[in-house]
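> Here is my input; please provide its structure:
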Amino acid sequence: MSMEVRPLGLDGIVEITPLRLSDERGYFSEVWNAKRFSDHGFDLEFVQDNQSYSAEKGVLRGLHYQLPPFAQDKLVRVVHGSIFDVAVDIRRGSTSFGHWTALRISSSKGNQILVPKGFAHGFVTLEPNTEVVYKVTNPYSHEHDRSIRFDDPHIGISWPFSTSFMRLSEKDLRAPRLEDADVFEILQEIHL
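Residues are numbered from 1 along each chain as shown. Predicted coordinates for the structure are as follows:
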């Protein structure tokens with residue numbers, strides 16, 4: 001089976017759309033294959049799968065990341081519903097530091113986003129009862145877990161909903177702005 005890979009404008013961020021084989025019963029899709037990903041230049045060793053469920057439209061989760069040595073590459077897909085998914089470059093010294101890109105990911109399209117280390121990640125649900133599954137290359141580490149404000153004006157993300165409509169956790173509401181956050185230094189060794 002094959003997959004379509006489309007760059008999203010920031011170094012290493014790509015949309016991946018696996019081929020679906022469909023018939024009257026439904027479809028089959030190979031969503032992860034180490035060799036196929038390696039053939040496209042993505043040599044990743046995933047160690048953990050995570051799943052989130054959001055009962056309502058407008059649930060925002062993010063912007064999250066982990067610092068080295070527990071930094072994570074993420075492969076994100078939606079198994080039910082849809083999301084507006086965002087990645088922000090947090091590699092201080094990068095020419096795109098503080099820049100963001102976004103992708104609508106849906107179970108109906110079957111697309112995924114690959115977010116490498118050095119980027120903060122978050123999403124907002126576009127419909128109720130949305131389930132998101134993502135693979136990561138390092139386990140969760142409370143000590144290395146960080147977040148950045150979703151509405152930092154210096155980043156300027158154009159979310160599809162007003163701030164007052166979106167629902168966030170207390171952790172995400174208390175997140176610092178990018179200028180005050182612990183981020184990656186471009187000289188740190190990170191795998192892109």
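> For residue 135, list each beta-bridge partner.
Beta-bridge partners for residue 135, by DSSP bridges, are residue 49, residue 75.
> That one against residue 74, yeah?
Yes. With contact taken as C-beta atoms under 8 Å, residue 135 and residue 74 are classed as touching, separated by 7.0 Å. The C-beta positions use only the backbone N, C-alpha and C, and glycine is treated the same way.
> neighbour-wise, which of those two wins?
When residue 135 and residue 74 are compared on other C-beta atoms under 10 Å, the one with more neighbours turns out to be residue 74, at 23 against 20.
> Could you give the number of residues near the closest residue to the more buried one other than its chain neighbours?
Sequence neighbours aside, residue 115 is the residue nearest to residue 74 in space, at 4.5 Å (criterion: C-beta to C-beta, 6 or more residues apart in numbering). Neighbour count of residue 115, defined by other C-beta under 10 Å: 28.
> Next: the one 4 residues further on.
Applying other C-beta under 10 Å, we find 29 residues neighbouring residue 119.
> thinking it is in contact with residue 90, fair?
Yes. Using C-beta under 8 Å, residue 119 is in contact with residue 90, at 6.3 Å.
> Now the common contact residues for those two.
The contact sets of residue 119 and residue 90 overlap at residue 65 (C-beta atoms under 8 Å, 6 or more residues apart in numbering).
> Kindly provide the distance from the residue in the chain sticking out farthest from the centre to residue 45.
The C-alpha centroid of the chain is most remote from residue 24, which lies 32.3 Å away (C-alpha atoms, centre = their mean). The span separating residue 24 from residue 45 equals 38 Å under the rule C-beta to C-beta, to the nearest Å.
> Kindly list the main-chain dihedrals of residue 171?
Backbone torsions of residue 171, given as degrees, to the nearest 10, read phi -60, psi -50.
> so what's it closest to, chain neighbours aside?
Sequence neighbours aside, residue 147 is the residue nearest to residue 171 in space, at 6.5 Å (criterion: C-beta to C-beta, 6+ apart).
> And the residue nearest to residue 74, how close does it get to residue 25?
Going from residue 115 to residue 25 by C-beta to C-beta gives 33 Å.
> which residues of this protein fall in helices?
Across the chain, reading from the start of the chain, the helices by DSSP state H fall at 34-39, 170-173.
> now stretch 91-111, how far from the centre of its chain.
Stretch 91-111 sits 7 Å away from the centroid of its parent chain (C-alpha atoms, centre = their mean, to the nearest Å).
> Low-confidence stretches in the protein?
Scanning the chain for pLDDT under 70 picks out 187-192.
> Just give me the residue closest to the centre of it.
Using C-alpha atoms, centre = their mean, the most central residue of the chain is residue 121, at 4.5 Å.
> wait, what's in contact with that residue?
Going by C-beta under 8 Å, 6+ apart, residue 121 touches 62, 63, 64, 65, 74, 76, 85, 86, 87, 88, 115.
> Likewise for residue 184?
With C-beta under 8 Å, 6+ apart as the criterion, the residues that contact residue 184 are 67, 68, 71, 90, 91, 92, 117, 118, 190.
> Please consider this matter closed, and thank you.
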